[in-house]
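Asks: below is the sequence, then the predicted model.
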Amino acid sequence: LWLATQSEKLGLVKHDPNQGIEIYDFSEWPERNRIRVIKNYSDGYLWLGTMNGLIRYEIKSGKSETFLAFQSIRNIFKDKDSGIWVATYFDGVYYYSPFKQQFQHTILKSNQYLNAKQSIITDITKLNKSNVWMAGNNGLKEYDYINKKVTKEIKKSTHKNMINDRVSCAEYDVIQQILW
């Protein structure tokens, strides 16, 4: 069990029922202490989304690599092709290609809109082979990442049953084909 803290002294805590609690101290990198999201994809790495960048932490060696410095990371999602999707606060979505081994902006950058709140992405969930749902402060967007375009939007102005446009999280149920 991996736990994250938002204190000034601790960053990451591992709880093993057989061995107890182990603290990983990132005090030499103060900006890394505020971890918002942890993803463990069973490949020997933890992806840590912080208020000041994204960290790929190798569990066995303790080595880390920083990506997207100065970006406030909201969520991380790994697709079936091992691509990593990163939702940010005010800078849209980034995609990490395992083949190119680099990040690239996808859509929803703040300079593409008059209103920066549209670039606040809080969650990403997979829909099918080529589409993901992105939740944020401007509703939900279905994004076709092969054709690089938004194919559907759900927000208060287009769907009368939406309470408001601020969507904090989303999860797609593949079996029932329902977006929660």
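Replies: Yep, it's here.

Asks: give me the buried stretch members for stretch 54-67, please.
Replies: Buried positions in stretch 54-67, judged by neighbour count with 16 or more other C-beta atoms under 10 Å: Leu54, Ile55, Tyr57, Ser64, Phe67. (Each C-beta comes from the backbone N, C-alpha and C, glycine too.)

Asks: make TSV out of the residues you listed and add pLDDT, distance to Gly136 and secondary structure.
Replies: Putting those into TSV (pLDDT from 0 to 100; distance: C-beta to C-beta, whole Å; DSSP: H, G, I helix; E, B strand; the rest coil) gives the following:
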residue	pLDDT	distance to Gly136	secondary structure
Leu54	89	18	strand
Ile55	87	23	strand
Tyr57	85	26	strand
Ser64	82	28	strand
Phe67	89	20	strand
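
Asks: among the residues you listed, which pair sits farthest apart?
Replies: For the buried residues of stretch 54-67, the maximum inter-member distance is 11.6 Å, found between Tyr57 and Phe67 (C-beta to C-beta).

Asks: who's in contact with Ile59?
Replies: Taking C-beta atoms under 8 Å, 6 or more residues apart in numbering, we find Ile59 in contact with Gly44, Tyr45, Leu46.

Asks: filter those residues down to just the ones in helices.
Replies: Using DSSP state H, no member of the contacts of Ile59 sits in helices.

Asks: buried ones among those residues?
Replies: Applying 16+ other C-beta under 10 Å to the contacts of Ile59 flags Tyr45, Leu46 as buried.

Asks: closest to Lys14 among the contacts of Ile59?
Replies: Leu46 (9.5 Å).

Asks: measure that closest one to Val132 for me?
Replies: 22 Å (C-beta to C-beta, to the nearest Å).

Asks: now do Asp144
Replies: 9 Å.

Asks: which of these two has more residues huddled nearby?
Replies: Comparing Asp144 with Val132 by other C-beta atoms under 10 Å, the one with more neighbours is Val132, at 23 against 15.

Asks: these two touch, right, Glu142 and Ser130?
Replies: No. Assessed by C-beta atoms under 8 Å, Glu142 is found out of contact with Ser130, at 10.4 Å.

Asks: have a look at these two and say which one is more surrounded.
Replies: Glu142 (17 against 12).

Asks: contacting residues for the more buried one?
Replies: Contacts of Glu142 (C-beta under 8 Å, 6+ apart): Leu127, Asn131, Val132, Trp133, Met134, Val150, Thr151, Lys152, Glu153.

Asks: let's see it at 7 Å
Replies: Contact analysis of Glu142 by C-beta atoms under 7 Å, 6 or more residues apart in numbering lists Leu127, Asn131, Trp133, Val150, Thr151, Lys152.
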